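Novice: Sequence unavailable; structure follows:
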């Protein structure tokens with residue numbers, strides 16, 4: 001876990017005088033106190049490794065002035081439970097409603113849930129949908145098949161609400177992901193008995209902090225969001241703007257990726273450059289958008305931009321190593337899948353569980369630390385001896 005403080009250049013300190021120097025010193029002590037408790041712990045309750053740390057400050061790494069202050073992370077994610085209780089073994093039938101087939105992140109989430117369920121002695125089913133109405137039908141079918149617990153990644157939570165109610169009446173246990181990003185209680189969970197948070201807010205904090213530590217105060221940055229207003233993605237970019245501005249940067253606006261891939265990231269970046277030619281960095285909602293942004297910037301003859309995405313899968317790792325992406329906020333689908341299994345087993349065994357649990361802490365992955373950050377496949381191999 002990183003310590004937070006204020007990055008102030010020595011030249012500015014000398015100009016401020018002795019009294020201001022003392023004040024800054026006292027503030028730094030307050031910010032760093034408590035063992036660096038400014039960011040959430042991992043899903044296991046342990047502090048994050050040094051692999052998740054970004055450069056200590058732009059002043060030290062580049063010799064140029066950087067944003068005036070880096071506040072500690074504060075948010076509902078750090079208040080959420082670190083994990084569910086470890087359940088007992090049992091022969092339960094669980095299912096995962098996957099919102100998108102072929103997605104690498106969701107592939108490893110589902111693999112982790114399946115491997116953990118089988119380890120506990122249960123059976124696992126997975127269904128994949130392409131649109132909300134298909135999920136409505138799938139939920140009805142899973143209930144009719146006698147599945148006892150279902151983890152749902154909803155495309156449209158509102159459209160599933162009537163079916164969620166019917167499933168609960170049938171005695172099926174239900175958990176979800178990133179449904180209520182404003183509070184950690186049961187209120188707002190729309191009938192689900194618990195949710196897993198991916199760490200969207202902390203991930204946005206890490207992205208903004210990297211920008212602030214490596215750009216001058218007031219530097220302009222922008223964002224790339226998804227054209228479909230998925231609540232958790234909207235929240236990610238909103239928090240990126242919040243933290244960037246709080247750290248002394250100027251967040252000038254966002255454009256949208258219409259196709260959710262590299263090709264869609266290029267026109268989004270072109271539009272951003274046309275509207276804000278002075279931007280120095282971009283925080284994108286996913287890694288393909290960041291890669292598309294690089295291609296667009298190169299075509300426009302713009303270099304030296306900081307380009308960050310989110311997920312941290314194999315494509316991001318390759319882009320970072322190739323120098324076409326500056327960083328990725330590496331999320332942990334493997335811990336989320338395990339959380340789903342534990343949550344449902346606990347509910348089926350009558351064990352009370354927290355309404356919200358945070359997954360393992362996001363890691364800011366750059367070329368400097370990428371070798372220290374395990375791949376999702378390596379995590380599954382380590383825990384289960386297999387990633388299949």
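Specialist: Thanks, I have the structure now. This is a predicted model, so every value here is computed, not measured.
Novice: Does anything pack onto the helix or strand containing residue 266? Which helices or strands?
Specialist: Per DSSP states H and E, residue 266 falls inside helix 262-275. If you count contacts as 3 or more C-beta pairs under 8 Å, 6 or more residues apart in numbering; DSSP states H and E, helix 262-275 packs onto strand 220-226, strand 250-257, strand 281-284, helix 287-299. Yep, even glycine has a C-beta here, placed from its N, CA and C like the rest.
Novice: Can you tell me which of these is nearest to residue 87?
Specialist: The closest of the helices and strands packed on helix 262-275 to residue 87 is helix 287-299. By C-beta to C-beta, the value is 33.4 Å.
Novice: can you give me how far that closest one is from the chain middle?
Specialist: 20 Å (C-alpha atoms, centre = their mean, to the nearest Å).
Novice: what is the orientation angle of that helix with helix 262-275?
Specialist: 50 degrees (axes from the mean of the first three to the mean of the last three C-alpha atoms, to 10 degrees).
Novice: Quick check: what element follows helix 287-299 along the chain?
Specialist: Once helix 287-299 ends, the next helix or strand along the chain (criterion: DSSP H and E) is strand 306-311.
Novice: Summarise which helices and strands that next one is packed against.
Specialist: Going by 3+ C-beta pairs under 8 Å, 6+ apart, strand 306-311 lies up against helix 200-214, strand 281-284, helix 287-299, strand 327-330.
Novice: roughly how far is the last one from the heart of the chain?
Specialist: Relative to the centre of its chain, strand 327-330 is centred 9 Å away, using C-alpha atoms, centre = their mean.
Novice: likewise the second one?
Specialist: Strand 281-284 sits 15 Å away from the centroid of its parent chain (C-alpha atoms, centre = their mean).
Novice: what ranges do the helices span in the stretch 101-250 of the chain?
Specialist: Applying DSSP state H, counting those that start in this stretch to the stretch 101-250 of the chain gives helices spanning 104-119, 132-144, 157-169, 200-214, 231-246.
Novice: re the thing from before, reformat the helices and strands packed on helix 262-275 as CSV; add distance to residue 326.
Specialist: Compiled in CSV, the helices and strands packed on helix 262-275 are given as follows (distance: least, C-beta to C-beta, whole Å):
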stretch, distance to residue 326
strand 220-226, 12
strand 250-257, 17
strand 281-284, 8
helix 287-299, 8
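Novice: Identify, out of the ones you listed, the most deeply packed stretch.
Specialist: strand 281-284 (a mean of 30; mean count of other C-beta atoms under 10 Å).
Novice: And the contacts of that strand?
Specialist: 204, 207-208, 211, 215, 219, 221-224, 237, 240, 244, 257, 265, 269, 272, 290, 293, 305-310, 326 (C-beta atoms under 8 Å, 6 or more residues apart in numbering).
Novice: again, only using 7 Å
Specialist: Residues outside strand 281-284 that contact it (C-beta atoms under 7 Å, 6 or more residues apart in numbering) are 207, 211, 215, 221-224, 240, 265, 269, 272, 290, 293, 305-309.
Novice: before we move on, what about stretch 225-236?
Specialist: For stretch 225-236, using C-beta under 7 Å, 6+ apart, the contacting residues are 178, 181, 200, 204, 237, 254, 256, 257, 258, 260, 285, 310.
Novice: which stretches of the protein have low pLDDT?
Specialist: Applying pLDDT under 70 to the chain flags the ranges 1-68.
Novice: Spatially central residue in it, please.
Specialist: What sits nearest the mean C-alpha location of the chain, by C-alpha atoms, centre = their mean, is residue 200, with 3.8 Å.
Novice: What residues of the one helix or strand residue 383 maps to count as buried?
Specialist: Per DSSP H and E: residue 383 is located in helix 376-384. If you call a residue buried by 16 or more other C-beta atoms under 10 Å, then helix 376-384 has these buried ones: 376, 377, 379, 380, 383, 384.
Novice: Taking the contacts of stretch 225-236 together, which two end up most distant?
Specialist: So, the contacts of stretch 225-236 by C-beta to C-beta: farthest apart are 181 and 258, at 23.9 Å.
Novice: what number of residues lie near the nearest residue to residue 192 once chain neighbours are set aside?
Specialist: Closest residue to residue 192 apart from its sequence neighbours, by C-beta to C-beta, 6 or more residues apart in numbering: residue 176 at 4.5 Å. Number of residues near residue 176 (other C-beta atoms under 10 Å) recorded here: 25.
Novice: distance between stretch 122-140 and the chain's centre?
Specialist: 24 Å.
Novice: can you tell me the distance between the two ends of that stretch?
Specialist: Length of stretch 122-140, first residue to last, C-alpha to C-alpha, to the nearest Å: 21 Å.
Novice: And that stretch, what's buried?
Specialist: Buried-residue list, stretch 122-140, by 16+ other C-beta under 10 Å: 122, 124, 126, 127, 128, 129, 135, 136, 138, 139.
Novice: Now render those as TSV, adding distance to residue 318.
Specialist: TSV is the format used below for the buried residues of stretch 122-140 (distance: C-beta to C-beta, whole Å):
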residue	distance to residue 318
122	35
124	30
126	27
127	30
128	25
129	29
135	32
136	37
138	33
139	36
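Novice: Between the two ends of stretch 372-388, how far is it?
Specialist: Start-to-end, stretch 372-388 (C-alpha to C-alpha) is 23 Å.
Novice: Mind listing residues that contact it?
Specialist: 51, 108, 111, 112, 115, 119, 313, 330, 333, 334, 363, 365.
Novice: One more: stretch 171-189?
Specialist: 76, 79-80, 143, 147-154, 157, 164, 167-168, 190-198, 200, 232, 235, 336, 340, 343-344, 347-348, 355-356.
Novice: Filter these down to the buried ones.
Specialist: 76, 80, 143, 147-154, 157, 164, 167, 190-198, 200, 235, 336, 340, 343-344, 347-348, 355-356.
Novice: tell me the contacts of the closest residue to residue 152 other than its chain neighbours?
Specialist: Leaving out its chain neighbours, the residue that sits closest to residue 152 by C-beta to C-beta, 6+ apart is residue 97, at 4.5 Å. Shown in contact with residue 97 (C-beta under 7 Å, 6+ apart): 127, 129, 135, 138, 139, 150, 152, 153.
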